[in-house]
Every structure is written in C-alpha cells, then in structure tokens.
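J.: Compute the structure for the input listed below.
(3 chains)
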Amino acid sequence: MENGGLMHTLAFFLLSGITLAAAMGVVFKRNLVHSAFLLSVTFLGVAGLYMTLQAEFMAAVQALVYSGAVAVLVVIGVMLTHRQQMSRSNPPNKMLLVGALAALSVVGAIVWAILATPWKVGKGSVVTAGDIGRRFLTDFAPPFEAVALLLLAALIGAVVLFKGGKAQS
Amino acid sequence: MNFDALMLEMAVALLALLILVADLLMEPGQSRRKLGYLAIAGLTGLLLVSLGRYGMQGAFFNGLFLQDDYALFFKQTFLIGAILVCLFSLDTVDNLPHSRAEFYVLLLFAVVGMMILASANDLITLYVGIELMTFSFFILVGYVLCETKSTEAAIKYLVLASAASAVMLYGMSLLFGIAGQLSYNALAKGLTASPALIVGGVMVLSGFAFKIAAPPFHMWAPDVYEGAPIPVTALLAMGSKAAGFAAMVRIFAEVFPGTGYPWPLLLLLLSGAAMLVGNLAAIPQTNLKRMLAYSSVAQAGYLLTGMLSGGFAGVKGVLFYLMIYVFANVGAFAVLTAVSRHRNGETIGDIAGLSRKAPVLAVVMTVSLLSMAGIPPLAGFVGKFFLFSSAIDAGYLWIAVLGFVLSMVSVYYYLNVVKSMYLGAPADDRPFEIAMPVRVTAVFAMAATLAMGVYPGPLSQLAETAAKTVFK
Amino acid sequence: MSFPVLSTILFAPIAGAAAITFLPTTAGSTIKKVSAASMGISFLLSLMVFFGYNWQTGGMQFVETLTWLPEMGASYSLGVDGLSAPMILLTALIGFAGVFASWRVDERPKEFFILFLLLVAGVAGTFVARDLFLFLLCYEVVVIPIYIMIILWGSSKRVTKEYAAMKLTIYLLLGSAFLLAGILMLYLNAYPAGARTFSMEALAKAASSGALSPEFQKFAFFFVMLGFGSLLSMWPFHSWSPDGYAGAPTAVSMVHAGVLKKIGGYGLIRIGLLMLPLGFKFWAPLIAAFGVANVAYAAFIALVQKDMKYVVGYSSVSHMGYVLIGIAAADVIGINGAVANMFAHGVMSALFFAMIGHIYHATHTRHIPDLGGLAHQMPRATVGFFLAGMASLGLPGLISFVPEFTIFVGSFKAFPLFAVLAIAGIILTALYVLRVLADVLFGPRRSEWDGVHDLHGADWVPLVVLGAFLIGFGFFPSLLMDVVNSGIEPLTPLLVKIKTAATLWGGL
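T.: Predicted coordinates for the structure are as follows:
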C-alpha cells in the first residue's frame, strides 16, 4: 500500500470506523461482557491502523498484547468478580448529555488543532523490531528499566491487594 | 552507557529488591521492623553519598537522561522525605494486617519514579517516571483493603490519575508530532507556534496540574488524602508534588519559552486558582487530612508563583520551598499518625487537648502548620519570601499580594487546629503513648523547620546552585 | 567587640523561655522566678542603654553587626538611636512589670511564661533591628503567642475570647500581608539585583538618592500604611483592639497596648517616612484625618463602656490618634511629640491594665456599675489607677503632658483644623477617665468588697516601676525628650525637602 493512495485512504476510514464504532459499543452496551469483547475489536482496529502506517511491529504487539491478552484478561476479570445479572452489568449514566458535550468540545479542539497545524510529514522510513530493541537497550535504557520496575510494582501490588481481599473476606 | 549517572536510582531499586528478598527469608509472623530500619539506613547512606555529587554535570543516554545539581537537589528532597516517612511509619506498618515488607518496597519504587522524573530530559522518560511513581501510589493508597475509605480512595486515584495520564500522553504525542523529536533540547528547537502546540501544551500542563493538585485538577486530593494510610498521604503530599514540579519546571524552562505563546499567563491563572480554592476550601474542613489536602492545593499555588518569573530566582524559591515543605509536612503527619493510633480518627475533635497529653507533639503540629502558613521565624516564611519576591521582581505584583493575603487567611484554619489542641478538652483520659520513632521524626522535623527559618543561608545557596543549572 | 548589650536584651527572655521548657509543669514559682530574672536582666540593660545613650552625639549607638544572609543582603545588625532607645526601654520595662502582673497565673504557668517571654523578645527585636529582614522576622513572631495566650488565659464577656483572639490575629496578619508586600516592593526596587540589601540605612539612602520614583513611593507607602495602620489601630482598622485587650490576660494587654501597638508608629516613621518620604508626604493628610477620627470616635465610644478593659481599650485607640496626627504633621516638633507620646501612653496604659487586672483578680468583675468605692478597701490599687487615669487625661507633672502638648504645637502648623479637633478630644478623654475613676474608686464604701485583697507582694512591682517612670519623666521631661529629639532632629533636612512635595490634597 502506498501512502495517500486510494486503497490506503479507504483502509484508513474503514479501520477508523470499526475502531470508533466498537469503542462506542464499549461505552453503551449494557452487558459488560459484550463491552469487553468490543474492547478487543477496538484494539484490533488500532492494530490495523498501525499496519497502514507500516508499523508492523507495533501492530503485532497491539494485536497480541492488547487484543489477545489484555482484553481477554478483562473478560476473565469481569466473569470472576461479577455475580449479579450480567445483562445489566454496565448501567447507563445520567450524565450522558454533559459527558457528550464535554467529549465533543474536546474532540472539536483537537480536530481544530490538527487541521490548522502544518505538520511535518516524514519519509516514512521503516522501523524494524530490531531497531526498536536496540534503542530500548541503548538510549532508552533508563525508561526501559523503569518500566521493568513498574511491572514488578504492579505484580507486587496485585499480590498485596489479593492478600488484602482475602483478609477482608 | 554510563551507569554512574543512574547510580542513585539503581541503588534505591536494589534496596527495594533486597527488602523484597529478605522478606522471603523471614518467618511469616515475624515483625518486619528490621526491614524498615534497613530501608532507612540504606536511604540515609545514599543521601550521604549524594551530598558529594554536586557539580557532576552531564547528559547521558544520548541526552535523554540528565545528571545535574537541579536533579540532585530534588533527589535529595525525595530521599529525605522517604527516610522521614519510613521512620514514622514503622509502627503503622507493624500494625498492617498483611504484606508489611511490601509497603517499604512500593514506597521505594515510588521514590525511584520520582528520581527518574527529576532527571528526565525527554518525554518518554518523563512519562515512564510518572507512571512508575503513580502505580506505586495506586497500591499504597489502597493498601488497607478492609477499610472502605482506603479502597474508595485507591479507585478514585486510579481512575482519575489514569485519565490525567492519558490526557498528558495525548498532549505529548501532539508535541512529538510537531517536532518529530522527544528530547527536550530537540523539542525546544523543533516546536513551532501552531494550534497543535497550544492543545498539546495545555494537555501536558493539565497532566502536571493533576500531579501537583492545582485546580481544576485537584478534586482527587481531598478524598485520596483522607482515605490513604497517613504515611502514604504524607509521601503523596510532598513527593508527588515535588516530583511533579521537578519535571514541570524543567520542561517549562527548557522547552516552552521559545515557542511564542504566553505560557506564564496559564501558570498565573493556575496559581491564583490554586491559592484561592485551596485556602478557602480548607476553612470548613474538620478532618485534618482533608484540611491538609486543601492546604497542599494552596501550597501548589504558592509554588507556581515561583515559575512565573522564568528565571533562576523563582526556581530557587520553588526548590527551597519544596524542601522545607517536606519538613513541615512530615511534622504534621507524624503527629497525626500518633493521634490516629490513639483515637483511630483524624478529625479536629480527635486532636483536642493534645497539648495536655503530649505537649511536644502539640508544639510540633503548631510549628509545622505555621510554617505552611509562612509565619516567621519558621522556614515557610523564607520560602514564601523567595517565591513572592521573584514574582514581584518579574512584574507580577498582584499575585504576590494575593498570596500574602491568602497565607494570612490560611492562618485562620491552622489556628483552629491549634485552638483545638490547646483549648479543647481531651476526648478520653487514656494515657497517650507515642512511639519513639514518631517522636524522633516529629522533633527532628520541627528542629529543621526552625533552623531553616532562622538560618536559611546554606539551603538557599544550595537551591540557588541547583536552580542555576537549569537556567544557564 | 564590646559586650553585646542589645543582643543580651533580646536573648535574655529567649534564654529564660528555653530554661523554662526544661522545668516541670508543677514548678510554678521557679518558673516565675526564672521569668523575672531574665526580664530583669533585659530591664536593667535597657536602662543602661537608655541612660547611657549619648544624645549629644546622636546616631546609632550600641551597634552590633554579624553577617547572616549575605546573598539576600540581610544581616544581623542591631543598634539604637533616639527613636528606638525609648522604645526598647519601654519594652523591657513593660515586660518586666508584666511578669509581676502575671504572678498570680497558676493555670499552666509553664506555657504562659514561655509564650510571654517569646512575645517580649519579639517586640524587643523589632525596635533594635537595623535590618528590615530581622525587623519582619520579629514583627510577625509576636502574633501567634498572643493568640494562644488569649484563648488560654483570657477572659471576656461581650464577645467570646476565641472570637476576640481570632479577630486580633487575622486583623494583624492581614495588615502584615500588605506590609510584607510593600516592603518587598521597596526591597526589590531600591537597588538592582545583586546589590539588594535589607539594611535600613541603605534603604533610606536609596530614597534620598532618587532611586525610587514618587509614583512608586506613593504606591508602596499605601501598603506599608495599611500594615502599620492596622497594627496601630488606626481608624477604620481599629476594631480588633478593644475586643482583643478585653479578652487578653493582663500581661498581654499590657504588652500589646503598651508596646506592640507602638511598632506601628515606629514603623511609620522608620520605614514610611525615612524610606518612602514622598509617599509619606502624599498620604499624610489621610493619616491625620484618620487620626482625628481615632481621637473623637474612640473617645465617644469609651464614654459609654461598662467594662473597664473596654474603656482603656478604646482610650488607647483614641490616644493613638494623637500619635498619628503628630507623625503626619511631618515636622520635627510633631514627630518628637508623637514618639514621646508613644512612650508615655505605653507606661500609662500598662499601669492601667495592671491595676484593672488586679481589681478583676480581687473582685472577679470588671463591670463598672458593679464596682464602686474601692478606694476604701484597695487604697494602693487606687493610687495606681488614679495615677494612670491622670496621666491619660494629660495632667501636667505626669508623663503624658509634655508629649501631647508638643504634638499640638507641632501639628498646628500643618493641620490647624485637625489639631483643634484633637484638642477638643481631650475634653472627652477627661470625661471618660473621670467617670471611670469616680464610679470604680470613689463613692460610698460597699460592704461586698470588704474582704478583697489590696496590692501585696509581687503586685507592688508594676505599680512602683511604672509609677516611677510616670512621675519621673513627668517632672523631668527632658530626660525623655532629649533622647527622642536626638533621633528626630537629624531628619530636619529630609522634612524640609518634602515640605513642598505633593500631597493627597494637592500642594500645601
């Protein structure tokens, strides 16, 4: 696919449409399990968008980690914790109108900013997984290591909260 | 590769891992106090080592990670804060139902996050530092799951902080989109005036405003401060705020000034709003943690005035004020820990009659609160002097006048606490037990507050040296 | 360096307070003795300073300087001149008398005397400071001990003592917020960055060298005026004062009415006039008008008060009006009178409050209609009360006569109308003072007060010490006036220079 070509444009709008529709579904579906599955679709749509941008590695990560692991974890989490009727597990919110207005104004601001800004368009050089890995372990070593710590902290946190939940029950 | 630049961060992380492993080697029912002492000793050692690291300048990892006096000053602030918090939380941790050692581990991880923030010189490092700190806080805030308030606070913090992070990240992506670069130096050159810069800059600023609890992004503070265990609240109030300022000052000093938009105007609005909202909302509070939360919102406002001038004088004030705020905060929260242990509550009624039961703690509380209000000869006065004089010098007279007037208004609610301690009748006649570490921390914090108020010279020189590395 | 007299005056009370912290709460009499000893040292040394001050040479004497915060241009530098020598004497005198007036404080004496000594030290610091930063530090130190002392040991009927204490604190602190802003502006504008200094001499030089524009001076002086005006209980910022005095324990009322208020007048001269002369001149008519309002308004209110402390509280507001008029006259004679009157009023109101405190302690009431004929049972207290009252209405031969007279002479040229109005105010003063004296002390003997104790033991000290100054400086006014004059006379060139400067109401 060539940048700016007809197919490219079509793919972009198609994937964006899927992503946005699925995201709306996440919010508006009454059943939390449905929402969780739609979340997975959203992630896949984003993965597709990465593909159109020639970021194959990112697309793969997005599909594997987010759609495959995160969304599934969310589903399992919903199933494990929720014990009442599933069909009304994601109740609507009374703040719909206010929320929509706020969201629209933010979207408006961002759209204005994006349309009114002359962006620098790069050549679109291909970045391989190897390039990313090399940069992780050279220039970006401190944040990379910090992320490792972050994961460890999250792991410990999960155990702590689990123990706390057990102590409570 | 230069591991020396990362020495402090690595050492704190290793200390955390050491505690984690040592915990596994100890009997399950055994007290974990020794691990607390280990953390304190380790951090103190690092603090001493770090004293000799002034003047070591350099950019590492292709300019993404900076080692300079400015970062070092902040790291020392975090270390001192963490040491004192560990010291007065020894007993709180002993009384936790479970996972005692992990408390110290997570606390140290939060400190590592703050340290990375102080050194970050690019958007990725900045973001990861923020997240490391915030994640550790998520868990620490909700540490006592069996208390509804703590859990509620944790969920609020999780949701709101995630939203703030998302907004900030989006803003960063816009900045990256304009400049095509991530490091501050490159951003400073690459950012051109454009609508996306306005939106992106405002979004990044919103993320920082959340961290330092400046209105309208302060809503989480009262609830989270109230629900979290007291030592966590203390660290949140000073560490999270200081780390937010560490990153914010650097980015506003290095990236934004050349972009042609009136950023100081935004800071001015933020500062005025924080002072007004914080001080006025603190007046009706009866829960001391909530009151201190609003007071910390007000402190963010005072601190923001130091960023208006865009020169080293103001930043020196910010550095100085954050360091002394650590001591004032530790003093107040250490006393609150003792009161809460005794009464199992933190309201103004629980602290009533403290001057009869524990006169030393009552004095520490009074001194700490008055230092926050900026009454001489306590350190807060000198701090406000630096901040407001830099603002007046830069032509922002009225924000300084507002600051002075509102500081005096703040005396009203601080004195209500003092009144309760000195005039109120104790709510019970049980003898008041003060754990030794809490007493030591409280008295030390008071002594530091007094000493830096009467003789601020050395600290102010240190802060000036540090500030000058950002404003060459 | 010779013996640091002023530092000792400043630190003796602090050392006393520090020593008391290590005493047990129950050691009431030891605590009082330590307080008396430390204040005694200050008092003796301040006598030495006042009488050792060489008024023929004038200028700053007993100077001490230590580097403190060089990067900010602040130094620990002390000294007295003709303006501050009477003030430091007054502080130590009232502090010393205050310890003895509090001899009967038996509830939590440890906290009481620690706070009291810190309070006196803070007040003393403002008068001996030659550095503005040191001045500010000491200036605000004093507010918080007062708050705690009023809520713990105070007493009040008309409003709660908590209310009175908070009102006083907030008024003074809000005033100080403006003062701080004004002083910061002055500090930042007087010299360029790097050469900035808090030295009072240097800042006064900056004004005379023309570094500060007239517009800036007018602007900054307004802030300074708000700060010092509210401290001096200048109308309309006066309402904290009667409530606060009525609520405060005796010794706090003595120190507050006696010396703390005087920081306002002292600051108006030392900082307002010397460092912002054109601003001072510009606002002077307003200050004088407010002064007249003080005199008349407060005196009228004092006429109808039923609580003795409120009478003296309003009376002190009224007397401050004379001080304001004298200062605003911007004339050597007027300012001389104002400074001397601050001293006179300090001694007199301290004696007043000490005697009221004693009567209240003995009879448990301050309500004037309940009292009467106390001269029969309390002849000694009556002497003190009478002396203070006579000084208050300016009886010749007592301390206030010469200063008040001097103020009228000085201000008549500048503000003839105001001066006449203020003189008329004396009649009101005489009315309310004589009414209180008559209702409380004289009249038929009342049997319900037969058992009360007159002054005895430690109670004598305030009467004797304060009375001695009241009469001594009354008969020998030059002892006071010569010293004061040596501080004000050198201002003549400055005052001549601003004589024709623009004022609020145009040129004069």
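J.: Which helix or strand contains B:Leu370?
T.: Taking DSSP states H and E as the definition, B:Leu370 sits inside helix B:359-373.
J.: so where's chain C uncertain?
T.: C:1, C:506-508 (pLDDT under 70).
J.: So which residues of the stretch 351-472 of chain B form helices?
T.: B:354-357, B:359-373, B:379-393, B:397-423, B:436-454, B:457-470 (DSSP state H, counting those that start in this stretch).
J.: Tell me which of the ones you listed lies nearest to C:Leu278.
T.: Ranking the helices of the stretch 351-472 of chain B by proximity to C:Leu278 (Cβ to Cβ) places helix B:397-423 first, at 19.2 Å. For glycine as for every other residue, the C-beta is placed from the backbone atoms N, C-alpha and C.
J.: okay, the angle between the closest one and helix B:379-393?
T.: With axes from the mean of the first three to the mean of the last three Cα atoms, to 10 degrees as the basis, helix B:397-423 and helix B:379-393 are set at 170 degrees to each other.
J.: would B:Phe208 count as being in a strand?
T.: No: according to DSSP: H, G, I helix; E, B strand; the rest coil, B:Phe208 belongs to no strand; its state is helix.
J.: Could you tell me which residues make contact with it?
T.: With contacts defined as Cβ atoms under 8 Å, 6 or more residues apart in numbering or on different chains, B:Phe208 is in contact with B:Met168, B:Gly244, B:Ala247, B:Met248.
J.: returning to that earlier point: so which of the helices of the stretch 351-472 of chain B gets nearest B:Gln76?
T.: Closest to B:Gln76 of the helices of the stretch 351-472 of chain B is helix B:457-470 (Cβ to Cβ; 8.8 Å).
J.: Please report how far the residue of chain A found nearest chain B lies from B:Gly36.
T.: Of all residues in chain A, the one sitting closest to chain B is A:Gly164 (3.0 Å; Cβ to the nearest Cβ). To B:Gly36, A:Gly164 is 19 Å away according to Cβ to Cβ, to the nearest Å.
J.: which bits of the stretch 351-472 of chain B sit near chain C?
T.: By Cβ under 8 Å from any Cβ of the partner chain, the residues of the stretch 351-472 of chain B that approach chain C are B:355, B:359, B:366, B:370, B:375-377, B:381, B:385, B:388-389, B:392-393, B:397, B:400-401, B:404-405, B:407-409, B:411-412, B:415, B:418-419, B:422-423, B:455-457, B:460-461, B:464.
J.: Can I have the buried ones of those as a PyMOL selection?
T.: PyMOL command restricting those to the buried ones, with burial defined by 16 or more other Cβ atoms under 10 Å in any protein chain shown:
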select buried, chain B and resi 355+359+366+370+375+376+377+381+385+388+389+392+393+397+400+401+404+405+407+408+409+411+412+415+418+419+422+423+456+457+460+464
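J.: quick one: A:Asn90 is in a strand?
T.: No: under three-state DSSP, A:Asn90 sits outside any strand and is assigned coil.
J.: Quick check, pLDDT for it.
T.: The score at A:Asn90 is 70. That number is its pLDDT.
J.: Equivalent analysis for the one 10 residues further on, please.
T.: pLDDT, the model's per-residue confidence, is 89 for A:Ala100.
J.: again, but for the one 4 residues further on
T.: In this model, A:Leu104 is scored at 93, pLDDT.
J.: Tell me the residue of chain A that sits nearest chain C?
T.: A:Pro142 (34.4 Å).
J.: Next, that residue: secondary structure please.
T.: Quick answer, by three-state DSSP: A:Pro142 is helix.
J.: quick one: it and B:Phe61 touch, right?
T.: Yes: the pair A:Pro142 / B:Phe61 is scored as a contact, 6.1 Å apart, by Cβ atoms under 8 Å.
J.: Would you mind naming the helix or strand containing the residue lying closest to B:Ala59 once chain neighbours are set aside?
T.: Leaving aside its chain neighbours, B:Ala59 sits nearest to B:Leu66 (5.4 Å; criterion: Cβ to Cβ, 6 or more residues apart in numbering or on different chains). In this assignment (DSSP H and E), B:Leu66 forms part of strand B:65-67.
J.: what does chain C put close to chain B?
T.: Within chain C, the residues that sit near chain B (Cβ under 8 Å from any Cβ) are C:68-72, C:111, C:136-141, C:143-144, C:147-148, C:151-152, C:162, C:166, C:169-170, C:173-174, C:176-178, C:180-181, C:184-185, C:187-188, C:193, C:223.
J.: Produce a PyMOL select command limited to the buried residues of the residues you listed.
T.: Written as a PyMOL command, the selection of buried residues from these, which uses 16+ other Cβ under 10 Å, is:
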select buried, chain C and resi 68+69+72+111+136+137+138+139+140+141+143+144+147+148+151+152+162+166+169+170+173+174+176+177+178+180+181+184+185+187+188+223
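J.: OK, contacts around the residue of chain A closest to chain C?
T.: By Cβ under 8 Å, 6+ apart, the neighbours of A:Pro142 are B:Leu6, B:Glu9, B:Phe61, B:Leu64, B:Phe65, B:Ile116, B:Ser119, B:Thr125.
J.: gap between it and A:Leu152?
T.: Distance, A:Pro142 to A:Leu152, by Cβ to Cβ: 16 Å.
J.: next one: C:Met254
T.: 65 Å.
J.: Of those two, which one has the most company?
T.: Neighbours were counted for C:Met254 and for A:Leu152 using other Cβ atoms under 10 Å in any protein chain shown; C:Met254 has more, 30 against 18.
J.: For the residue lying closest to the more buried one once chain neighbours are set aside, what are phi and psi?
T.: Nearest residue to C:Met254, sequence neighbours excluded (Cβ to Cβ, 6+ apart): C:Ala350, at 4.2 Å. For C:Ala350, the backbone dihedrals (degrees, to the nearest 10) come out as phi -60, psi -40.
J.: number of nearby residues for C:Ala350?
T.: 32.
J.: pretty sure it contacts C:Val252?
T.: No: between C:Ala350 and C:Val252 there is no contact under Cβ under 8 Å: 11.2 Å.
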